[in-house]
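**Student:** give me the fold of what follows.
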Amino acid sequence: MSRKIVVGFDGSDASLRALDFAITRAQAQGDSILIAHVLEWSPYSFLTPSEVEERHRRRTEELQRAETAILTPVLKRVEEAGIPVSTSIRYGHIAETLCRIARDEGAAMIFIGRMGDSGFASRIFGSVAATLAQVAPVPVVIVP
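**Tutor:** Numbering: from 1, shown residues only. As a prediction, this is how the structure comes out:
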C-alpha cells in the first residue's frame, strides 16, 4: 500500500539530507514523495492599491524562482530513484503550512532536516522541527 511522504525542503544541506533519507524510506516501502517548499510571507494590512500590486508581482516572481532554483533540480533526483514525486510551493508559517499540506494530501509522515541552530532566537521562539514535532497531525521524522 503506497503512502505519501511530505518532505519540507528549502534547498539547504539539512533539507537535502531529509530528502535523501525520505528517498531510501520510500524505495523500501513503495511510498510516494511530495516535496514541499514554504515561503514565509507576512500579511500586511492597510496597503495602498499600488503596494498590493507590487506585493503580488514580487510574490509571483518568488514562486517562479523557488520552482526553478529549488524544486526543479531535486525533482530529477527523486524521479531517478524511481519514486512517484510531486511538489507544492506555498506561502505561510513553515510548520503550520507543512501540517496543512500533510492533512490536505492525506500524508502518512513529514520528513524535515534539523538545521542545528542552537542560538538564542531558536531557544526563545523554537525551531520549525520542534514545532512540527509538537503539532503535526502525522509522525515527523527529523533528520540530523
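**Student:** what's the first helix or strand after the worst-scoring helix or strand of the chain on mean pLDDT?
**Tutor:** Lowest mean confidence among the helices and strands of the chain (mean pLDDT, DSSP states H and E): helix 120-125, at a mean of 49. Next along the chain after helix 120-125, taking DSSP states H and E as the criterion, comes helix 128-135.
**Student:** buried stuff in that next one?
**Tutor:** Along helix 128-135, these residues count as buried under the neighbour rule (16 or more other C-beta atoms under 10 Å): 128-129, 131-133. To be clear about C-beta, it is placed using only N, CA and C from the backbone, and glycine gets the same treatment.
**Student:** what lies in contact with it?
**Tutor:** Under the criterion C-beta atoms under 8 Å, 6 or more residues apart in numbering, residues 8, 94-96, 98-99, 110, 112-115, 140, 142 lie in contact with helix 128-135.
**Student:** distance of Pro49 from His56?
**Tutor:** Counting by C-beta to C-beta, to the nearest Å, the gap between Pro49 and His56 amounts to 11 Å.
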